[in-house]
Structure formats: structure tokens, C-alpha cells
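# Sequence first, then the predicted structure, then my questions.
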Amino acid sequence: MKNLSSNELRELRNKFRNSKQHKYIPEASLIASSKESTALFNVAWMQQLIPYLMWKEHPLGKRVFNIQKCVRTVDIAEVWDASHLTFFEMMGNWSLGDYFKDEAVSRSWEFLTSPEYLDIDPNKIAVTVFAWDESAPRDETTANKWKEVWLPESRISYLPADNNRRSPGPVGPCGPDTEIFYRVGNSEFPPEWSNVWNDEDNWMEIWNNVFMEFYRDESGTLSKLTNHNVDTGMWLERMCCVLQQKDSVYDTDVFAPAITKLEELTWCTYTQQQRRFRIIVDHARTAFMLINDWLIPSNLAAGYVLRMIIRRMTYNLMLLKDFDINWYEKVCTELLKTFKHLREFKKDEILRVLLEEIKTFLKTIQNWKAMLEELIQKEKKNQNKFLSGKDVFKLYDTYGFPLELTKEIAADNWLEINEKEYNDA
């Protein structure tokens, strides 16, 4: 297996796609267009291509590829683990009515296992394919192609639509997918019986091939698309983790400089504060990238998510040591230097927006901390397991403190929030 830096991986992957007659398309903004999706952000690689997955001809032809920046907050509680991020880069390629399942599988296998490209040991690869449901049959075509390229039956898991059907929204193009996993378990090689179905914790998803062959209407009914399309995405950071043989995405060259810098600035060690370090560097990078794409914090929609991310980053910094605003400025300045692919002329603006939000949060938190501590102690005294949803809503409504952060701090004190009361309020 080749040991590649993140930039070397980009270059080799682009070389591969160019050799397969794909044309590079510019990445879309992180902030999703309402015309393309109901999502706030580009959460995957497919959103900008929805019209071309249905009927429209792409100006660059039927084979295209790119590297798309994405933000996905549905997994934010898992950010501190080995593979989840709020901001990540997806290496996507598409066939728009050209090749389909057979070539998509064989090309994926070639890039992963060929000595000319990544040279990954085939024994450490497993896949999932679509099982079946009342609207579509089991995807035997894809499963048979995986067997044909070499993969044994024991490494193929048949999973239902919740796992192996993908779409950019509730209405529109969709189809079954086949997801590719790499063995991250303790043993050098997976046991013969191990696959994603029965040993999921030891496998990390690295690549996804979606076969867009259906259209789902408002009633949920599927009909066949005229064109059959392939829509794939490979996680850049996860592939770096595999190729650099690291325990997590945070140990790769993407994050290592930021973590080293954070150790220098906080006088804490990464091994002692792993969870907080990972949240800080992930959220810092996400905030940098969102502001880089012209978003500013607010109380609405995407701006609210950015505000929550900055405040969660700041809160975790505070738990390392309670510093003043000058120190936060130094941290943000130094972390900015460690992350690539930011517009150079935007860096001063990124720093200004971050510091304004942090200053506001530091003022807010003085009132909030006393109130929340009082609520926590009251519930503990009464031996309750829940914080009042009405009180938690007041923290948000009056003091602008995000629910997600209050929830996290409550969990640190072995409490939950009465979310029904919160939603009613």
C-alpha cells in the first residue's frame, strides 16, 4: 500500500480519472442552493448535479469528476471518534447516462488495488450492496461484479434501503448503492467470516458508488429514469487515514499540524484531551471553510449552525483553560495557518468574524453559566434526570445559548434535557 500525503492522493486520483476520460468540474459552494436541495449545506457530492442526473446534458460531457467540500452536522455528536467530521472533502466522479454498474465497480477496484494507484491489499476490503424491498429487487448485478473482480462472497453484505439506497432529497433521482469499506480492526487481516453485516465496528467506509436508476415522486413511488447514472464519492480524509496507516483521520497530515499547534498553545497534550482537541480542530476548520464561502453567524438557518459550531469550539477551548480574548485571537490565527484551500484574501475576514462571535459568546456565557449551574444543581438535588425544557429554552431565547451546547454540558453532569418541553416552548 502506498503512503501518500493528502496532496499526493488528490493528484493521483485526478490522474486516474483523467485517464478514464473524465472532465474536471469546479466545486460548488458549501452553502447549498435552494434550487438544488432543501439542505442548508452541500452535504454530499451529488447536489449540484441533480439536473444532469435526470435529463439535462452536462456541458463537459457524460463523464465528470471533482473534489467537493462538504459540511454535514447530522453526525456532530460523533465528531470525536476516528472517522467523523463536520467538514470533509469528497472525491466524486459521475457517469451521466454513460457507463453503469460493471465499469463503476471495476474502476473502483482498479484504483484501490492496482500497484499503479493505491495498491491496497484486497484482503482488507469489504463491500455492501442493496438487498431488496417491495419497490426494487436485490442488486445481484453489482454483487456478481464484485465477485468477478476477485472479492469473495464472505466480504459482501446485503443491506436494506436504509443502508444501501441514496438520494439527494425526498423527491428526485435515487438508486441503490454499493459502499466500500477498509478493515480498521486490531488484527492484521480480517477473519474469514468478518464483513460489514456482522462485524461493522472493524470496518470503515471509504467509498460509495450510487447507481441512480430511479425517480422517487412525492408519494414515494419509484419509476425508472431514462438514463442510468453513476454517482460516487470517496472520503479524502478517510483515505488519508488508510494510506498513512493512522488510527484516525485526526492523526493524518490534514489535522496533525493543527493538533501540534494546539498542544503548544494550550500546554495540554493531545493524548490527555483527545476528545476536546478533535472537536476544536474539526470545528475550527469547519468555521474557517464556511466563512471562506461568505457565511456569517446568525440566529437563522445556516448562520445558526455556524454560530453553534464556533461556540462549541470556544466552549471546548475554555474547558482546557479559561483564557482571555487575546489568547483566542492567537489560537485562531495560528490554526488558520495550518489548514489549506482557503482564499488568501479572506483570511483577515475569517479571523474578524470568528473573534466577533467569540467575544459575543464570552459575554453571553457569564450570565448563562450561573443560570445553567443553578438549574443543574436544582435537578441534582431533586434527583431528577432531566433539565426543564422551558428553562433550557429560556437560555436560548434570552441569552442565545444553543440547545446543542446546553445538551452537551448537561450530559457532562449526567443529565438529559426534556426536549418535548423545549420544543413546546
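Thanks, I have it.

# now for the host helix or strand of residue 314, which elements pack on it?
Element membership for residue 314, per DSSP states H and E: helix 301-320. Contact partners of helix 301-320 among helices and strands, from 3 or more CB pairs under 8 Å, 6 or more residues apart in numbering; DSSP states H and E: helix 274-292, helix 325-338, helix 347-381, helix 403-412. Placement of C-beta: from N, CA and C, glycine included.

# What lies in contact with it?
The contact list for helix 301-320, computed with CB atoms under 8 Å, 6 or more residues apart in numbering, reads 31, 40-41, 71, 73, 86, 266, 268, 273, 276, 279-280, 283-284, 286-287, 290-291, 295-299, 323, 328, 331, 354, 357-358, 361-362, 365, 401-402, 404-405, 408-409.

# what angle do it and helix 325-338 make?
If you take axes from the mean of the first three to the mean of the last three CA atoms, to 10 degrees, helix 301-320 sits at 110 degrees to helix 325-338.

# Report the buried residues of helix 301-320.
Buried residues in helix 301-320, counting neighbours by 16 or more other CB atoms under 10 Å, are found at 302-303, 305-318, 320.

# do the same with stretch 283-302
Under the neighbour-count criterion of 16+ other CB under 10 Å, stretch 283-302 has 283-293, 295, 297, 302 buried.

# Ends of that stretch, what's the gap?
Between the opening and closing residues of stretch 283-302 lies a distance of 15 Å (CA to CA, to the nearest Å).

# how far does that stretch sit from the chain's center?
In terms of CA atoms, centre = their mean, to the nearest Å, the centre of stretch 283-302 is set 15 Å apart from its chain centre.

# For stretch 234-242, give me every contacting residue.
For stretch 234-242, the external contacting residues (CB under 8 Å, 6+ apart) are 1, 4-6, 9-10, 13, 67, 82-83, 85, 88-92, 118, 120, 182, 204-208, 246-249, 251-254.

# Which element, helix or strand, includes the closest residue in space to residue 149 that isn't next to it in sequence?
Distance criterion CB to CB, 6 or more residues apart in numbering; nearest residue to residue 149, sequence neighbours excluded, is residue 109 at 4.4 Å. In the assignment (DSSP H and E), residue 109 maps to helix 101-113.

# contacts for that helix?
Residues from elsewhere that reach helix 101-113 (CB under 8 Å, 6+ apart): 13, 16, 20, 95, 117-122, 125, 139, 141-142, 145-146, 149-151, 178, 180, 207, 209, 211, 230, 232.

# Hmm, residue 274 is touching residue 80, no?
Yes - at 7.3 Å, residue 274 counts as touching residue 80 under the criterion of CB atoms under 8 Å.

# Who has more neighbours out of these two?
Set side by side, residue 274 and residue 80 show more neighbours around residue 80, with 17 against 14, by other CB atoms under 10 Å.

# which residues touch that one?
Contacts for residue 80 (CB under 8 Å, 6+ apart) come out as 274-275, 278-279.

# Next, give phi and psi for it.
Per-residue torsions, residue 80: phi -80, psi -10 (degrees, to the nearest 10).

# do you know how far it is from residue 225?
For residue 80, the distance to residue 225 equals 40 Å [CB to CB, to the nearest Å].

# Also residue 302?
In this view, residue 302 and residue 225 are 30 Å apart by CB to CB.

# wait, is residue 68 part of a helix?
No - counting by DSSP: H, G, I helix; E, B strand; the rest coil, residue 68 is not part of a helix but strand.

# shouldn't it be in contact with residue 94?
No - using CB under 8 Å, residue 68 makes no contact with residue 94, being 11.1 Å away.

# Comparing the two, which residue is more hemmed in?
Neighbours of residue 68 and residue 94, each counted by other CB under 10 Å, are more numerous for residue 94; the result is 27 against 24.

# The strand or helix carrying that one pairs with which strands, and in what direction?
Using DSSP H and E, residue 94 sits in strand 87-96. Using DSSP bridges, the strands paired with strand 87-96 are strand 63-71 (antiparallel), strand 222-235 (antiparallel).

# and that strand with helix 274-292, angle?
Strand 87-96 runs at 60 degrees relative to helix 274-292, counting by the same axes, to 10 degrees.

# circling back to that earlier point, from the buried residues of stretch 283-302, which two are the most distant?
Farthest-apart pair in the buried residues of stretch 283-302 is 284 and 302; separation 17.7 Å (CB to CB).
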